[in-house]
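Q: Pasting a predicted model and its sequence here:
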Protein chains: 2
Amino acid sequence: MTGTETAAMTARPAPGYGEGRQALLAAAVHVVATRGLRHLTYRSVAQEARVAHGLVAHHFGTRDALLEAALEFSLANSVGSISAAPGSGDLEAIFAGVVEMVQANPDDQAFQYELILEARRRPELRPHVVQVYATYRQALRNELDAAGIRADDALVHLVFAAVDGLVFQQVCLGDPDAAGAGVKRLRDLLRPLA
Amino acid sequence: MTGTETAAMTARPAPGYGEGRQALLAAAVHVVATRGLRHLTYRSVAQEARVAHGLVAHHFGTRDALLEAALEFSLANSVGSISAAPGSGDLEAIFAGVVEMVQANPDDQAFQYELILEARRRPELRPHVVQVYATYRQALRNELDAAGIRADDALVHLVFAAVDGLVFQQVCLGDPDAAGAGVKRLRDLLRPLA
DNA sequence: GGCGGAACTGTCCACCTGGACAGTTGTGAC
DNA sequence: GTCACAACTGTCCAGGTGGACAGTTCCGCC
């Protein structure tokens, strides 16, 4: 336990009565994002949440169920608008702020990528992933339409995958400037389609 | 252990004398890709490789070292040309066959994505990841140049991230048709730049 | 204050894991 | 055949884990 972690432990207050479940969900996201799925144990997540490790079994029953609940929690907390000005048709507003958001809080993205990979092995996670991807793609289609771009499935799929890739690389290799420049170039490529 | 796995166990021959190290590397890739990093243990990888688990310590010393060696192994085995006709300038040849390759062997890609995420937590993995990404980007730049597209860093970064995202989604959600259509649309977007 | 139920704690236990290590086997050189 | 060394095996052990569970605490209602 490094000094940094000690400080973090001291700073995080123990959850109040009735707040344990929420604290465990947030803790699971953090542990997975920073240490990987391998280190998500009853004890590590409980320690992160400042509760006893038996509470994991109490609220979630199993580690797997905790993970599924944490994925739902993370996705519910991260779904936002893909445009800074929804419905405006302003291409510059599409994906505006994404890079900054990822830079400010890479843990949620990292957690989600970890769980998306895990969904290959855990069928019960898959519907959540599919649902969120579909939601984002539909929103993107709407924004492209508003911008005067007739977006077929392939274009929507590509554009969303491009941003997915930019974010993945930003999270993993940490170069927000390159990600931002990539988003700009993406808009440049889309502009002539309007 | 399911019937399928039993058959796989029966089918995979024990490595010959002196082949254990290689077998363990390939086994590590397979175990991580199919079961996740969490289930990569001395015993699971040894079982997959049909050797005794002590051989992991013998050849690699630690689990971490095995992982690093497996990443190098995987990257070395997967780096190929990004164009079906390198240097030809043929846009249709860029990324040709990528979707089919991923579909035929998703394990390598999945393994790499797992390790790329792990690189966030394991500094010693990072140089390998950075190196391969850089290699691919340089190759992409060369192909775009040959196609008459003056590709700045941002465009190269975007195009590569787009394919990264398409492959990631293909590996995780398994829709090669959408990935293929995405690649085509990517070429469509690039064509006017030539 | 008493009660019931939910939230929470901390102990227990069977099993698993990383890795050390002594002993065995295989190989190539002489 | 002998020797040296690398590859390999399988046992051992301290520590960690998932999860069960009895007991404690908290809370809202009466």
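A: Yep, that arrived.
Q: mind showing which ranges of chain A have poor pLDDT?
A: Scanning chain A with the threshold set as pLDDT under 70 gives A:1-11.
Q: Next, name the residue at the spatial heart of it.
A: Centroid check for chain A by C-alpha atoms, centre = their mean gives A:Q109 as the closest residue, at 3.4 Å.
Q: Name the SS class of that one, please.
A: Using DSSP: H, G, I helix; E, B strand; the rest coil, the structure places A:Q109 in helix.
Q: so it makes contact with A:V98?
A: No. Using C-beta atoms under 8 Å as the test, A:Q109 is too far from A:V98 to be in contact (9.9 Å). Where you see a C-beta, it was placed from the backbone N, CA and C, and this is true even at glycine.
Q: residues shared between the contacts of the two?
A: Residues touching both A:Q109 and A:V98 by C-beta atoms under 8 Å, 6 or more residues apart in numbering or on different chains: A:V167.
Q: picking up where we left off before, for the residue nearest to the centre of chain A, give its distance to A:V32.
A: 12 Å (C-beta to C-beta, to the nearest Å).
Q: And A:L125, by the same measure?
A: Computed as C-beta to C-beta, the A:L125 to A:V32 distance reads 13 Å.
Q: more crowded one of the two?
A: Taking neighbours as other C-beta atoms under 10 Å in any protein chain shown, A:L125 and A:V32 compare with A:V32 leading, 27 against 20.
Q: Can you give the domain ranges for chain A?
A: Here the domain parsing of chain A from automatic domain parsing is A:3-64, A:79-193.
Q: Mind checking these for the one nearest to chain B?
A: domain A:79-193 (2.9 Å; C-beta to the nearest C-beta).
Q: List the residues that contact the closest residue to DNA strand C within chain A.
A: Nearest residue of chain A to DNA strand C, counting by C-beta to the nearest atom of the strand: A:G54, 1.7 Å away. Neighbouring residues of A:G54 by C-beta under 8 Å, 6+ apart: A:Y42, A:A46.
Q: And it, how close does it get to A:Y17?
A: A:G54 sits 16 Å away from A:Y17, going by C-beta to C-beta.
Q: Help me confirm that A:A179 comes into contact with A:V99.
A: Yes. A:A179 lies in contact with A:V99 (C-beta under 8 Å); the separation is 4.8 Å.
Q: Need the overlap of contacts for the two.
A: A:L166, A:Q170.
Q: more neighbours, the two?
A: A:A179 (28 against 23).
Q: DNA strand D: which of the domains of chain A is closest?
A: Evaluated with C-beta to the nearest atom of the strand, the domains of chain A place domain A:3-64 nearest to DNA strand D, the distance being 3.2 Å.
Q: okay, now A:A151: neighbour count?
A: Using other C-beta under 10 Å: A:A151 sits among 21 other residues.
Q: three-state assignment of it?
A: Assignment for A:A151 (three-state DSSP): coil.
Q: Would you indicate which residues of stretch A:56-69 are buried?
A: Within stretch A:56-69, the residues scored as buried using 16 or more other C-beta atoms under 10 Å in any protein chain shown are A:V56, A:H59, A:F60, A:R63, A:L66, A:L67, A:E68, A:A69.
Q: Helices - which of those residues land there?
A: Residues of those located in helices (DSSP state H): A:V56, A:H59, A:F60, A:R63, A:L66, A:L67, A:E68, A:A69.
Q: DNA strand D next: which of the residues you listed are close?
A: A:R63 (C-beta under 7 Å from any atom of the strand).
Q: Which positions in chain A make contact with DNA strand C?
A: So chain A meets DNA strand C at A:14-21, A:51-55, A:57-59 (C-beta under 7 Å from any atom of the strand).
Q: could you flag which of those residues are buried?
A: Among these, the ones that count as buried by 16+ other C-beta under 10 Å are A:P15, A:G20, A:R21, A:V51, A:H53, A:L55, A:H59.
Q: The last one: what's it in contact with?
A: Neighbouring residues of A:H59 by C-beta under 8 Å, 6+ apart: A:G20, A:R21, A:L24, A:L66.
Q: Name the residues contacting each of A:L125 and A:V32.
A: A:L67, A:L115.
Q: mind listing the helices for chain A?
A: Using DSSP H, helices in chain A cover A:3-11, A:20-35, A:42-49, A:54-60, A:63-78, A:98-104, A:106-118, A:126-146, A:153-173, A:176-190.
Q: So the last one, near chain B or not?
A: Yes. Using C-beta under 8 Å from any C-beta of the partner chain, we find that helix A:176-190 touches chain B at A:A178, A:A179, A:A181, A:G182, A:V183, A:K184, A:R185, A:L186, A:L189, A:L190.
Q: residues in contact with the third one?
A: In other words, A:A181. B:D153, B:A154, B:H157, B:L158.
Q: go with 6 Å
A: For A:A181, the contact set (C-beta atoms under 6 Å, 6 or more residues apart in numbering or on different chains) comprises B:A154.
Q: what does chain A put close to DNA strand D?
A: Residues of chain A lying close to DNA strand D (C-beta under 7 Å from any atom of the strand) are A:16-18, A:39-44, A:53-54, A:57-58, A:61-64.
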